[in-house]
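Asker: sequence first, predicted coordinates after that:
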Amino acid sequence: MSAAQALELAESKDLDLVKIAPNAVPPVCKIMDYGKFRFEQAKREKEARKNQHVIEIKEIRLSFNIDTHDFQTKANHARKFLKDGNKVKVSIRFRGRELGHSEIGMETMLRFASTLEDAATVEKQPKMEGRNMFMFLAPKKA
């Protein structure tokens, strides 16, 4: 039907004429209560946002020569973050002469990953960037 007829029909029913596909030939329109449609659409979007879980990245900083108890404490914190569904960024900052022994930092990172292998998967392997070494861990899928 023509646009004028459709508009007249919509006004007679006290509703709105809404273009669904304006680029189609001929354009596709629908007679509806537009305010109610917008309200329901906003309600659906709000419900979808409520059910979403935003994954955060938590950072754990290790030191070059970390002691065993400190290491276990940091591993337990990382395990808690992973259990909550967050990703963990593990970093080591090398200072001074430590930079010449980056292989010790690599061993520490790999030991950290093997300690958490029951709760995490290594998303990005340890990598040097300037004076820092980074590794990313993601929670294991259940």
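Answerer: Arrived safely. Residues are numbered from 1 along each chain as shown.

Asker: how about the most centrally placed residue in the chain, secondary structure?
Answerer: Nearest to the mean C-alpha position of the chain, by CA atoms, centre = their mean, lies Ile55 at 4.1 Å. Put simply, Ile55 is coil when judged by DSSP: H, G, I helix; E, B strand; the rest coil.

Asker: quick one: it from Lys89, how far?
Answerer: Distance of Ile55 to Lys89, given as CB to CB, to the nearest Å: 12 Å. Backbone N, C-alpha and C define where each C-beta goes, glycine included.

Asker: residues touching the residue nearest to the centre of the chain, list them.
Answerer: Neighbouring residues of Ile55 by CB atoms under 8 Å, 6 or more residues apart in numbering: 85-87.

Asker: so among these, where is pLDDT lowest?
Answerer: Ranked by pLDDT, those bottom out at Gly85 (86).

Asker: in the protein, spot the strand with the most residues.
Answerer: Determined from DSSP state E, the single longest strand within the chain is strand 120-129.

Asker: what's that strand packed up against?
Answerer: Judged by 3 or more CB pairs under 8 Å, 6 or more residues apart in numbering; DSSP states H and E, the packing partners of strand 120-129 are helix 68-83, strand 87-93, helix 102-115, strand 132-139.

Asker: who are the packing partners of the second one?
Answerer: Helices and strands touching strand 87-93, as assessed by 3+ CB pairs under 8 Å, 6+ apart, comprise strand 57-62, helix 68-83, helix 102-115, strand 120-129, strand 132-139.

Asker: so this protein: which segments form each domain?
Answerer: Following automatic domain parsing, one finds the domains of the chain at 3-50, 57-139.

Asker: just send the ones you listed back as TSV, with mean neighbour count too.
Answerer: Formatted as TSV, the domains of the chain follow (neighbours: other CB atoms under 10 Å):
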stretch	mean neighbour count
domain 3-50	11
domain 57-139	16
